[in-house]
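Participant: What follows is a predicted protein model with its sequence.
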Amino acid sequence: LLHQCCYYGALPHLPLRPAGRYLHPTGFGTLGYALPAAIGARAACPERQVVALSGDGGLQFSVQELATAAQLGLPLPVVVFDNGGYGEIRDEMAARGDTPTAVDLPRVDLPALARAYGGRGVVVRSPGELAAVLTRALTTPGPTLITVPEESAV
């Protein structure tokens, strides 16, 4: 699957219409934005489908909001691209010739964490599997955390 999906994969490849339906915190390294923003969007417009896209490092800034999503009971897929830490920062350090430092996180069983907060959690390993799980999650009450391991991190 794509490397750095949240930063580079989603912006040019998601066919979103009309304009203004993709919330993205450009600039300032706003880690942890995806989950609370998606909860707010879903609560404000419960008739719309909302999907959160996050990296594993960014998710852990606001992962406790899975409890809020579970309490609200609104269908909310949370797709987490797991590269074992802060992959974008790691790549920027390496590109500058710096030794990547403090960017690798211990592995977290994200599906188990989602279940602990009252949601569902699953790991998917193919685009077809992702599509099937995502389709179900769009109509299943509460959050469904869908972990997509980066190929190099598997």
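Facilitator: The structure has been received and is ready for your questions. Numbering: from 1, shown residues only.
Participant: Name the residues of the helix or strand where residue 43 lies that are buried.
Facilitator: In the assignment (DSSP states H and E), residue 43 maps to helix 34-44. Of the residues in helix 34-44, 34, 35, 36, 37, 38, 39, 41, 42 count as buried by neighbour count, 16 or more other C-beta atoms under 10 Å. Using the backbone N, CA and C atoms, a C-beta is placed for each residue, glycine as well.
Participant: Which neighbouring elements make contact with the helix or strand following it?
Facilitator: Moving toward the C-terminus from helix 34-44, the next helix or strand (DSSP H and E) is strand 52-55. Secondary-structure packing of strand 52-55 (3 or more C-beta pairs under 8 Å, 6 or more residues apart in numbering; DSSP states H and E): helix 34-44, strand 76-82.
Participant: okay, the first one in PDB with CA atoms only?
Facilitator: Put plainly, it is helix 34-44. Output of helix 34-44 as PDB, limited to C-alpha atoms (Å, rounded to 0.1, in the frame of the first residue of the first chain):
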ATOM      1  CA  ALA A  34      -8.100  13.300  12.200                       C
ATOM      2  CA  LEU A  35     -10.100  11.500  14.900                       C
ATOM      3  CA  PRO A  36     -11.600  14.600  16.700                       C
ATOM      4  CA  ALA A  37     -12.200  16.300  13.400                       C
ATOM      5  CA  ALA A  38     -14.000  13.300  12.000                       C
ATOM      6  CA  ILE A  39     -16.200  12.900  15.100                       C
ATOM      7  CA  GLY A  40     -17.100  16.600  14.800                       C
ATOM      8  CA  ALA A  41     -18.000  16.300  11.200                       C
ATOM      9  CA  ARG A  42     -20.000  13.200  11.700                       C
ATOM     10  CA  ALA A  43     -21.900  14.700  14.700                       C
ATOM     11  CA  ALA A  44     -22.600  17.900  12.800                       C
END
